[in-house]
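1. Sequence and computational prediction follow.
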Amino acid sequence: MKAFIKYMAVELGLDHPGAEYPDICEGTDRYAMFKVGPVLSVSHGMGIPSIAIMLHELIKLLYHARCSDITLIRIGTSGGIGLEPGSVVITRQAVDGCFKQEFEQIVLGKRVVRNTHLDDWLVQELVRCSADLGEFPTVVGNTMCTLDFYEGQGRLDGALCSYAEKDKQEYLRAAYEAGIRNIEMESSVFAAMCNACGLRAAVVCVTLLNRLEGDQISSPHEVLVEYQQRPQRLVGHFIKKCLAAS
């Protein structure tokens, strides 16, 4: 997140020799937060509970700071389905492990279901920004958000595995047919909370591997580093474009 803020500082012409970007939340180990100009960059841990805690606290902070015209974008990595490693996926809607377009949570013992559709205008603007850059393959698709990295994503290399390669392939191919192009562990609650709070939001993740071809990442470290910069460059271009138009 600090690297992204440094990148944005350069892109927005706000960087200068000796500039420092301190962690605003250095007093907690739950997440880190950095800011330059109107851009706030916040980290979160792995999985739905971690990002949900961060979002509750971030949204309250934005409210009390009287921020307006807010856009939230999650950038990160994911496992691709039917895509070459390094492809960037702009999420249309987040789905669960049963391909349902919803986020379910138990509140006071009752089942609460929230919508996980992401902002259509924002999706199209990000697609246009990717075309402007022309640097890497970008697709729009659904993102499957799971509760687990191993069994929940059909991996064969976890401590527990009650299915075979054939079962995994059938599941992943069914996911592809359902419009799912990548898998991660945070998008559903992110989309649901932003929808519930009336905030424009998007999810932009790069794929590190094609899950139809295996469970392990095989790309060299330096290649993975460049892959992980792709969502940053795309979102950075979008932010710069929006600020120039305002």
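-> All right, it came through fine. Numbers count the residues shown, from 1 in each chain.
2. So in the protein, where's the weakest helix or strand by average pLDDT?
-> helix 2-11 (a mean of 92; mean pLDDT, DSSP states H and E).
3. where along the chain do the helices fall?
-> 2-11, 48-64, 120-133, 165-177, 187-196, 221-245 (DSSP state H).
4. What are the buried residues along the third one?
-> Same thing as helix 120-133. Under the neighbour-count criterion of 16 or more other Cβ atoms under 10 Å, helix 120-133 has 122, 123, 125, 126, 129, 130, 133 buried. Every C-beta, even on glycine, is put in place using the N, C-alpha and C of the backbone.
5. So which elements touch that helix?
-> strand 88-95, strand 138-145, strand 200-210, helix 221-245 (3 or more Cβ pairs under 8 Å, 6 or more residues apart in numbering; DSSP states H and E).
6. Pick the most deeply packed of the ones you listed.
-> strand 88-95 (a mean of 26; mean count of other Cβ atoms under 10 Å).
7. Neighbours of residue 35, how many?
-> 15 (other Cβ atoms under 10 Å).
8. right, and it touches residue 25 too?
-> No. With contacts counted by Cβ atoms under 8 Å, residue 35 stays clear of residue 25, the gap being 10.6 Å.
9. And residue 222, what's its pLDDT?
-> Turning to residue 222, the model gives it a pLDDT of 97.
10. I'd like the distance between it and residue 26.
-> Going from residue 222 to residue 26 by Cβ to Cβ, to the nearest Å gives 30 Å.
11. Check residue 89 too.
-> Taking Cβ to Cβ, one finds residue 89 at 32 Å from residue 26.
12. Same check on residue 69?
-> 28 Å.
13. Repeat that for residue 100.
-> 39 Å.
14. Those two - which one has more neighbours?
-> residue 100 (13 against 9).
15. Run through the residues that contact the more buried one.
-> Listed by Cβ atoms under 8 Å, 6 or more residues apart in numbering, the contact set of residue 100 is empty.
16. rerun that using 10 Å as the cut-off
-> 113, 116, 178, 188 (Cβ atoms under 10 Å, 6 or more residues apart in numbering).
17. Scan the residues you listed and report the most crowded one.
-> residue 188 (30 neighbours).
18. Rebuild the helices of the chain as a markdown table, extending it with distance to residue 211.
-> Below are the helices of the chain laid out as a markdown table (distance: least, Cβ to Cβ, whole Å):
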| stretch | distance to residue 211 |
| --- | --- |
| helix 2-11 | 26 |
| helix 48-64 | 20 |
| helix 120-133 | 22 |
| helix 165-177 | 6 |
| helix 187-196 | 16 |
| helix 221-245 | 15 |
